[in-house]
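> turn this into a structure:
(chains A and B)
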Amino acid sequence: DIQMTQSPSSLSASVGDRVTITCRASQTISKYLNWYQQKPGKAPKLLIYAASNLQSGVPSRFSGSGSGTEFTLTISGLQPEDFATYYCQQSYTTPYTFGRGTKLEI
Amino acid sequence: EVQLVQSGAEVKQPGESLRISCKGSGYSFTSYWITWVRQMPGKGLEYMGKIDPSDSYTSYSPSFQGHVTFSADKSIRTAYLQWSSLKASDTAMYYCARQASGYDNDYWGQGTLVTVSS
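Modelled structure (predicted):
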């Protein structure tokens, strides 16, 4: 299985901050990398697919970049509703493994 | 509007069998794979595998192979996740999700909480 390593595992920030979350794959996955947001008690929500494509309806303050083995999710201008847990997932080869998550806290 | 609606919470005893469901609407059900994801209490997301509702072809994560079974009934637009003998360690929230063409999961069910306790 491809291992996905997210860092940091938790992050404290303030409204208006710019934050970056990193995801590394144990082998190359081209651009088959997705980012999800999950709030407590809710299902995950797709933010970014194929490394850098913004899912419809997701605010433009979210952006993704990277290819190969290293990827980033950036949130520019944090809003109160952005405090949540973020997961990366590779969809290059099954099983489509997830990272362990990054909890973004105020 | 695309929707995946999952069956309600279940409380079972160890050794019992269980089948939970995921009903799709608002899109061509047979055109998209359905993915199953486990989330144990307080933990992260785990990919279990997927099923193609058009022909019920399945792909299981090795971590779940042999312990769960995916099935689908395209006539009623419903996918299923089942266990023949539950364990306490199966206690978790289970999500179904639609796999989009880029292999991401663009729509998710609301989750089904399964509690296994004696």
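
> distance-wise, check the most centrally placed residue in chain A relative to B:E10.
By CA atoms, centre = their mean, chain A has its centre lying nearest to A:W35, at 3.7 Å. Remark: distance between A:W35 and B:E10 (CB to CB, to the nearest Å) = 30 Å. Bear in mind the C-beta positions are built from the backbone N, C-alpha and C, glycine included.

> on that earlier part again, now for the residue nearest to the centre of chain A: which residues touch it?
A:C23, A:L46, A:L47, A:I48, A:F62, A:G64, A:L73, A:Y86, A:Y87, A:C88, A:Q89 (CB atoms under 8 Å, 6 or more residues apart in numbering or on different chains).

> ok, how many other residues are close to B:S85?
Neighbour count of B:S85, defined by other CB atoms under 10 Å in any protein chain shown: 11.

> surely it is in contact with B:Q13?
No: counting by CB atoms under 8 Å, B:Q13 is not a contact partner of B:S85; they are 10.7 Å apart.

> and chain B, which of the contacts of A:W35 contact it?
A:L46, A:Y87, A:Q89 (CB under 8 Å from any CB of the partner chain).

> burial check on the last one, number of neighbours?
The number of residues packed around A:Q89, counting by other CB under 10 Å, is 24.

> before we move on, the earlier item: the ones next to chain B among the contacts of A:W35 in strands, which ones?
A:L46, A:Y87, A:Q89 (DSSP state E).

> so which strand or helix has the residue nearest the centre of chain B?
Nearest to the mean C-alpha position of chain B, by CA atoms, centre = their mean, lies B:W36 at 3.9 Å. Element membership for B:W36, per DSSP states H and E: strand B:34-39.

> quick check: phi and psi on B:K74?
phi -70, psi -20 (degrees, to the nearest 10).

> so how far is chain A from it?
22 Å (CB to the nearest CB, to the nearest Å).

> that residue: what's it in contact with?
Applying CB under 8 Å, 6+ apart, the residues contacting B:K74 are B:F29, B:T30, B:P53, B:S54.

> before we move on, what about B:A92?
B:A92 neighbours (CB under 8 Å, 6+ apart): B:R38, B:Q39, B:M40, B:P41, B:L113, B:V114.

> beta-bridge partners for it, please?
Counting by DSSP bridges, B:A92 is bridged to B:V114.

> kindly report the same for A:Q38.
A:T85.

> hang on, it packs against A:P44?
Yes: counting by CB under 8 Å, A:P44 is a contact partner of A:Q38 at 4.5 Å.

> what parts of chain A come near chain B?
Near chain B, when you scan chain A using CB under 8 Å from any CB, you find A:1, A:32, A:34, A:36, A:38, A:43-46, A:49-50, A:53, A:55, A:87, A:89, A:91, A:94-101.

> which among those residues count as buried?
Among the residues of chain A next to chain B, those buried by neighbour count (16 or more other CB atoms under 10 Å in any protein chain shown) are A:32, A:34, A:36, A:38, A:43-46, A:49-50, A:55, A:87, A:89, A:91, A:94-101.

> is it true that B:S89 lies in a strand?
No: looking at B:S89 with DSSP: H, G, I helix; E, B strand; the rest coil, it is helix, so not inside a strand.

> chain A versus that one, what's the distance?
18 Å.

> now the strands for the chain?
Unless you meant another one, I'm taking chain A. According to DSSP E, the strands that chain A contains are A:4-7, A:10-12, A:18-25, A:33-38, A:45-49, A:53-54, A:62-67, A:70-76, A:85-90, A:102-105.

> you looked at the wrong chain, it should be chain B
Remark: strands assigned in chain B by DSSP E are B:3-6, B:10-12, B:18-25, B:34-39, B:45-52, B:57-60, B:69-73, B:78-83, B:92-99, B:105-108, B:112-116.
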